[in-house]
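Asker: Generate coordinates for the sequence data below:
(one chain, ligands or ions: 1)
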Amino acid sequence: MLGKIEHIGIAVKDLEAANKLYEALLGVGPYKQEEVVSEGVATSFFQTGDSKVELLMATTPDSPMAKFIAKRGEGLHHLAFAVEDIDKEVQRLVEAGFQVLNEQPKLGADNKRIVFLHPKGAHGVLVELCQEIS
Ligand code: ZN
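Answerer: I've put the predicted structure just below:
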């Protein structure tokens, strides 16, 4: 079973400008900014109530994020659900026929192990499972 929506990922072209806008929108600045070199992204995290907003900007022209922006423009990039046991959930979803992009969880931003499900199998939405590393 998946948990709450942990965060919503939003693709942006200019992280600094987006940080300012989201700070004005949410009334609070980012609590964390982090680059994930292996994914070619720079991220910012905002806490909003029980949930979070993650802004993502490509840092290399050939990263998946750069390709996403080129194809679809800025906007909703992924929906992330918190899970307590990511390996168990991946197994459950694979058995249920979902296409998992990386069955072996990888290290994501904000101290998480993450797995992505293909948007084609989820009505056009890229789904992230994330488990807090304790
Ligand atoms: Zn995310």
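
Asker: show me what contacts residue 30?
Answerer: With contacts defined as C-beta atoms under 8 Å, 6 or more residues apart in numbering, the neighbours of residue 30 are 19, 22, 23, 44, 45, 46, 55. In this view, the C-beta of every residue, glycine as well, is placed from N, C-alpha and C.

Asker: The same query, at a cut-off of 6 Å, please.
Answerer: Contacts for residue 30 (C-beta atoms under 6 Å, 6 or more residues apart in numbering) come out as 19, 44, 45, 46.

Asker: right, and the last one touches residue 26 too?
Answerer: Yes. Counting by C-beta atoms under 6 Å, residue 46 sits close enough to residue 26 to count as a contact (5.5 Å).

Asker: neighbour count winner among these two?
Answerer: Per other C-beta atoms under 10 Å, whichever of residue 46 and residue 26 has more neighbours is residue 46, with 21 against 14.

Asker: how close does that one sit to the ion?
Answerer: Counting by C-beta to the ion, to the nearest Å, the separation of residue 46 from the ion is 12 Å.

Asker: What sits closest to that residue if chain neighbours are left out?
Answerer: Once flanking residues are discounted, residue 46 sits nearest to residue 53: 4.6 Å by C-beta to C-beta, 6 or more residues apart in numbering.

Asker: which other helices and strands contact the longest helix seen in the chain?
Answerer: Ranked by residue count and defined by DSSP state H, the top helix of the chain is helix 15-26. Packing partners of helix 15-26 (3 or more C-beta pairs under 6 Å, 6 or more residues apart in numbering; DSSP states H and E): strand 41-48.

Asker: How about the strand it packs on, which residues are buried there?
Answerer: 41, 42, 43, 44, 45, 46 (16 or more other C-beta atoms under 10 Å).

Asker: so which of those residues comes closest to residue 106?
Answerer: Residue 106 lies nearest to residue 41 out of the buried residues of strand 41-48, by C-beta to C-beta, at 12.6 Å.
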